[in-house]
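Q: all I have is the shape, not the residue letters:
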């Protein structure tokens, strides 16, 4: 699919006020960038622009705010010099490129004006209406909004085609990703200019169509919301879920650590906003717990308490439960998924267990099943096993750092401890969770991959850009589409279908993008159609 195909559904924007010929060159040494809003985000954008050789004009609605921002940036450049990251000449030059506007009219000569003011649609529209009367017809107007519609911000302007999103992430100098968002009427050349400008300031620039959450905040819905759903089902405590997702999937932070770091005053409104903007799409459904925590003021690190408690900024620690001393001597492993069985048998043999190779388990064998998107109970019922001595084991993910066992409502304490003791006998920690469709990591990854497939299906962004944005913006160990390819599109499809059948919840319905590629054996990163 070409870029022209991707934009074919959108009305052609007029280029009267901003054409490829009229726009300034992003690499021009004479480029002037106006920055309105000198808070943390605004200062970050000003910093990378000044370091890239761009003249920056600072303006802030708060009296003295722009001058204060310039002083803080000068200190930042001095600190970078002291650390050896800038030379003395570079620090001095970067500071010299920052000027303070006496008022908005001082931005009249800018080639691009970026707003980073409060997240209010009315405030942004009023600002751009005022700017439109001041700047030249060739000046690009860019918004750093993270949650508002670029199309809505541009609505009512005489030249909405020159407005686009230029969305950075905090902290701007370290988060090397910027989303360029085309509104419904944005001139193609405006997005091209901002992509080039994003690269000039040292960031990876990806392009998206105007949609709630753009790429990163949209794709990020799967991690936290699915983990919250699992927590709401009582499958495991929050700290245990964090451990499982860090150790088996390689996330740097567990979902609840991440929610605490971001703060629920930021995260929960985004969850609700995207859910409602997508007209209650089940894939994005939040959970009541975070609204309750928001009302209680337990926002995370910033308040000293969220999911975790914090003492002087240090997160409380939960001890790993000691492994039981009991060990199952003989184990029967389900044959329903041959590859999974082979991996489990190999692991058990390394741990010194005797394998029960009979078609039906002996009366004294621990029984292990290997569900994909199902719960232990379903496997027990289908294979007519003794529920008291049957547990499920996670086989889809890495087992070298943590193993996950799942009970069923009738699993006895004796067999649970025998399984736990055996699987932990080489020192690898084991998490034992309650019965749940899809265990933990299966569910979370399937949700993440499915949402990314739907972003590609809706032509919001190209598959490669989706993965680049997510890995840089969210720090995932793999892009969601690459992850889907690694697990196997057909495996992910089966997982989602089983989750939907088990729960009856439409949140797990597979994306058509995923289904077609799985059935054809194609890569999820393929952009052909």
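A: It's in. Note that the structure is predicted; figures quoted are calculated from it, not measured.
Q: which residues touch residue 396?
A: By CB atoms under 8 Å, 6 or more residues apart in numbering, residue 396 lies in contact with 340, 372, 441, 442, 487, 491, 495. (Each C-beta comes from the backbone N, C-alpha and C, glycine too.)
Q: what's the answer for residue 525, then?
A: 463, 464, 467, 481, 482, 485.
Q: check which helix or strand covers the fifth one.
A: I take that to be residue 482. helix 480-487 (DSSP states H and E).
Q: for residue 98, give its distance to residue 47.
A: 9 Å (CB to CB, to the nearest Å).
Q: list residues touching both of those two?
A: Common neighbours of residue 98 and residue 47 (CB under 8 Å, 6+ apart) are residue 73.
Q: give the helix, strand or coil label for residue 371.
A: coil (DSSP: H, G, I helix; E, B strand; the rest coil).
Q: for this protein, what are the low-confidence residue spans?
A: 1-21, 528-529 (pLDDT under 70).
Q: could you pull up the contacting residues of the spatially most central residue of it?
A: Centroid check for the chain by CA atoms, centre = their mean gives residue 220 as the closest residue, at 2.9 Å. For residue 220, the contacting residues are 213, 470, 473, 474, by CB under 8 Å, 6+ apart.
Q: how about the nearest residue to the third one, chain neighbours excluded?
A: When you say that, I think you mean residue 473. Leaving aside its sequence neighbours, residue 473 sits nearest to residue 216 (CB to CB, 6 or more residues apart in numbering; 3.7 Å).
Q: which stretch of helix or strand covers the residue located most distally from the centre of the chain?
A: Here the chain reaches farthest from its C-alpha mean at residue 363, the gap being 46.6 Å by CA atoms, centre = their mean. Using DSSP H and E, residue 363 sits within no helix or strand.
Q: against residue 330, how distant is it?
A: In terms of CB to CB, residue 363 sits 10 Å off from residue 330.
Q: now the helices for the stretch 1-150 of the chain?
A: 3-6, 40-51, 65-82, 88-96, 121-132, 150-154 (DSSP state H, counting those that start in this stretch).
Q: residues near the nearest residue to residue 144 once chain neighbours are set aside, how many?
A: Nearest residue to residue 144, sequence neighbours excluded (CB to CB, 6+ apart): residue 116, at 4.4 Å. Neighbours of residue 116 under the rule other CB atoms under 10 Å: 25.
Q: which ones are touching residue 116?
A: Counted by CB under 8 Å, 6+ apart, residue 116 has contacts 35, 36, 37, 38, 39, 41, 42, 45, 144.
Q: mind doing that once more with 10 Å?
A: 35-46, 60, 142-145, 166, 168, 172 (CB atoms under 10 Å, 6 or more residues apart in numbering).
Q: cool, residue 151 as well?
A: Here residue 151 is in contact with 10, 160, 163, 165, 181-186, 209-211 (CB under 10 Å, 6+ apart).
Q: quick one: residues contacting residue 27.
A: 52, 53, 196, 197, 199, 200.
Q: can you lay out the residues you listed as CSV showing distance to residue 368?
A: CSV is the format used below for the contacts of residue 27 (distance: CB to CB, whole Å):
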residue, distance to residue 368
52, 56
53, 61
196, 55
197, 55
199, 51
200, 55
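Q: just these now: which is nearest residue 232?
A: Checking those against residue 232 with CB to CB, the nearest one is residue 199 at 42.3 Å.
Q: and the closest one, that's in a helix?
A: Yes: Residue 199: assigned to a helix according to three-state DSSP.
Q: correct me if wrong: it contacts residue 205.
A: Yes: if you go by CB atoms under 10 Å, residue 199 and residue 205 touch, sitting 5.4 Å apart.
Q: more crowded one of these two?
A: Taking neighbours as other CB under 10 Å, residue 199 and residue 205 compare with residue 205 leading, 22 against 15.
Q: in contact with that one, which residues?
A: Neighbours of residue 205 in contact, by CB under 10 Å, 6+ apart: 166, 176-180, 191, 194-199, 465, 468-469.
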